[in-house]
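Asker: After the sequence you'll find the predicted model.
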Amino acid sequence: MTRQMVLVGFLQAQNCTNLPSSWRHPDSRDDSMSADYYQEIAKILEAGKFHMAFFDDRLAMPDRYGNDHAHTVEYGIRCVKMDPLIVLTTMGMVTDKLGLGATCSTTYYEPFDVARRFATLDLMSGGRAGWNVVTSLNDGEALNMGRDSHPEHDSRYDRADEFMEVVLGHWDTWEDGALIMDKKSGRFADPAKVKRLDHKGAAFKSRGPFTVPRSDQGHPVIIQAGASGRGQRFAGHWGEVIFTAARNLAGAKEGYAAVRNEAAKAGRDPDQMRLCNLTTPVCAATRAEAEDKMALINKLPLEIDALSLLAEALNYDFASKDLDEPLTTDDLKSMQGILGLRDGVLKNSGKSNPSARDFVTFSGRGQVHDAMVGGPKEIADRLEEMFVERGCDGFVIAATYVPGSYADFVQHVVPELQRRGLFQKEYRGKTLRENLGLKRPAAGAWKVQPRDAAE
């Protein structure tokens with residue numbers, strides 16, 4: 001079959017999209033805390049044959065800037081954060097094929113709990129669940145979850161590796177065919193096909209037996225978005241759908257090759273991964289109309305949006321410095337969270353000691369940065385180039401207002417991509433794996449042997 005794009009809708013279970021000013025858009029719905037709001041989005045995405053609706057998540061509202069939440073609440077900077085799994089369940093009720101992906105932290109949850117939640121969603125949706133594995137970002141999350149501070153970057157990934165072993169181990173303990181369901185004999189399941197995990201490791205102990213049988217797709221799809229070197233190794237080892245955020249083709253191709261190389265070194269088949277690049281399209285029937293839309297969107301962000309989200313993402317209080325005061329080398333080293341964000345500012349600014357204003361300017365945080373603006377042909381041309389040139393396998397579509405951004409993309413861009421043979425006109429199957437073109441995993445398939453070098 002001809003290679004085709006993967007499309008993912010990027011969502012937040014909150015008062016705004018990943019763009020914090022989106023709630024201020026005159027055409028954004030005001031009922032983001034209702035089931036109907038998310039169900040409308042789900043229907044739009046499924047009508048557009050999107051592979052998955054995906055929720056990013058945090059366990060705290062942004063409050064690292066000035067160590068206070070007042071600005072977050074006042075300006076609506078992602079101050080509402082609902083449980084994405086519950087929201088996804090409401091979306092699954094009005095769709096049949098759309099994949100349902102959500103974030104859940106390996107730093108602040110227990111593996112058995114996460115394994116059960118996502119395995120349950122997988123069964124309830126007919127095999128459409130995906131789990132985005134994150135290690136969380138900052139001290140606000142730590143304090144909400146009963147810790148004094150957020151763990152160091154690499155140690156979080158070490159813990160996450162073991163977390164994955166426990167979750168996947170539990171998902172493996174029910175074999176296919178374990179259920180008998182024979183009312184006459186009274187036998188419900190074959191005990192020989194349901195095992196205990198009995199995991200005892202450096203960070204976790206978990207006995208089992210696990211309480212949820214395997215789904216039609218085997219187990220939920222593993223999603224990952226590591227951008228740092230350690231994050232890329234983790235993504236290469238575990239991820240099946242990888243989210244990237246390259247701003248140009250050269251950077252996308254470099255990252256694409258790096259993650260696939262990490263997968264090969266981990267003993268995995270890189271072709272059993274789908275790398276999807278974060279993209280913010282602003283589209284309409286014509287380029288002129290799209291530019292008018294972009295002009296309105298550009299009026300929405302405030303400087304405090306960017307500063308708040310930078311402080312959250314890097315676990316660093318940017319209010320501790322004057323806006324134009326260069327950050328010291330120690331300041332930069334103390335940052336945690338999304339280190340790829342910090343490194344990108346250093347690279348793009350060309351400064352070894354950028355200021356807070358430089359972070360606002362070069363990070364794109366809280367703004368519509370590098371948006372694709374145009375009519376169907378202009379947007380499709382740019383997506384096609386990155387896809388065909390192997391900068392990615394698909395795109396994570398971010399919205400500037402809701403639900404209009406998704407509706408615009410489905411109305412204007414999806415038909416053009418389909419006309420070019422770049423995107424599906426119908427779903428391949430019923431499960432998320434089928435629609436992504438990923439193999440159904442056999443129990444224990446994740447226990448691959450690392451290779452010394454990529455093939």
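Answerer: Noted; the coordinates are in hand.
Asker: Run through the strands of the stretch 301-450 of the chain in chain order.
Answerer: With strands called from DSSP state E, counting those that start in this stretch, the stretch 301-450 of the chain shows them at 372-374, 394-397.
Asker: Could you single out the most deeply buried of the ones you listed?
Answerer: Sort the strands of the stretch 301-450 of the chain by mean neighbour count, taking mean count of other Cβ atoms under 10 Å, and strand 394-397 sits at the top with a mean of 25. Using the backbone N, CA and C atoms, a C-beta is placed for each residue, glycine as well.
Asker: starting at the chain centroid, how far to that one?
Answerer: Distance, stretch centre to chain centre, for strand 394-397: 11 Å (Cα atoms, centre = their mean, to the nearest Å).
Asker: go on, stretch 353-369?
Answerer: Distance of stretch 353-369 from the chain centroid (Cα atoms, centre = their mean) equals 22 Å.
Asker: And it, what's buried?
Answerer: For stretch 353-369, a neighbour-count test (16 or more other Cβ atoms under 10 Å) marks 354-368 as buried.
Asker: Quick check: which ranges of the protein have low pLDDT?
Answerer: 1, 137, 153, 227-228, 449, 451-455 (pLDDT under 70).
Asker: All the helices of the stretch 151-300 of the chain, residue numbers only.
Answerer: With DSSP state H, counting those that start in this stretch, the ranges of helices along the stretch 151-300 of the chain come out as 153-172, 229-238, 249-265, 287-297.
Asker: Which other helices and strands does the shortest one contact?
Answerer: It stands for helix 229-238. Helices and strands touching helix 229-238, by 3 or more Cβ pairs under 8 Å, 6 or more residues apart in numbering; DSSP states H and E, are helix 153-172, strand 221-224, helix 249-265.
Asker: Please identify the deepest-packed of the ones you listed.
Answerer: strand 221-224 (a mean of 26).
Asker: Export that strand to PDB, keeping only CA atoms.
Answerer: Only the C-alpha atoms of strand 221-224 are listed here, as PDB (Å, rounded to 0.1, in the frame of the first residue of the first chain):
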ATOM      1  CA  VAL A 221      -0.500   2.100  21.500                       C
ATOM      2  CA  ILE A 222       2.500   3.700  23.200                       C
ATOM      3  CA  ILE A 223       3.000   7.400  22.400                       C
ATOM      4  CA  GLN A 224       6.100   9.400  23.300                       C
END
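Asker: Parallel or antiparallel, list what pairs with that strand.
Answerer: strand 129-134 (parallel), strand 241-244 (parallel) (DSSP bridges).
Asker: Show residues contacting that strand.
Answerer: Residues from elsewhere that reach strand 221-224 (Cβ atoms under 8 Å, 6 or more residues apart in numbering): 54, 99, 101, 129-133, 164, 231, 234-235, 238-243, 432-433, 436, 438.
Asker: ok, 7 Å please
Answerer: 101, 130-133, 234-235, 238-243, 432-433, 436, 438 (Cβ atoms under 7 Å, 6 or more residues apart in numbering).
Asker: Next: stretch 327-336.
Answerer: When contacts are defined by Cβ under 7 Å, 6+ apart, stretch 327-336 is touched by residues 138, 150, 153, 314, 315, 316, 321, 342, 353, 354, 355.
Asker: for stretch 342-359, same thing?
Answerer: For stretch 342-359, contacts defined as Cβ under 7 Å, 6+ apart pick out 307, 310, 314, 318, 321, 323-329, 332, 335, 362-363.
Asker: Tell me the one of those nearest residue 7?
Answerer: residue 363 (25.4 Å; Cβ to Cβ).
Asker: Next, count neighbours for the residue nearest to that closest one when sequence neighbours are not counted.
Answerer: With sequence-adjacent residues excluded and distances taken as Cβ to Cβ, 6 or more residues apart in numbering, residue 363 is closest to residue 345, at 5.3 Å. By other Cβ atoms under 10 Å, the residues close to residue 345 number 23.
Asker: where does residue 345 sit relative to residue 356, distance-wise?
Answerer: According to Cβ to Cβ, to the nearest Å, residue 345 and residue 356 sit 10 Å apart.
Asker: any chance of the helices and strands packed on helix 229-238 in a markdown table, plus distance to residue 44?
Answerer: Formatted as a markdown table, those follow (distance: least, Cβ to Cβ, whole Å):
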| stretch | distance to residue 44 |
| --- | --- |
| helix 153-172 | 31 |
| strand 221-224 | 21 |
| helix 249-265 | 26 |
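Asker: closest one to residue 281 among the ones you listed?
Answerer: helix 249-265 (15.7 Å).
Asker: what's the closest one in contact with?
Answerer: The contact list for helix 249-265 (Cβ under 7 Å, 6+ apart) reads 232-233, 235-236, 242, 244, 246, 270, 273, 275, 277, 385-386, 389-392, 450-451, 453-455.
Asker: And that helix, how far out from the chain middle?
Answerer: In terms of Cα atoms, centre = their mean, the centre of helix 249-265 is found 18 Å from the chain centre.
Asker: try stretch 319-333
Answerer: Distance, centroid of stretch 319-333 to centroid of chain: 29 Å (Cα atoms, centre = their mean).
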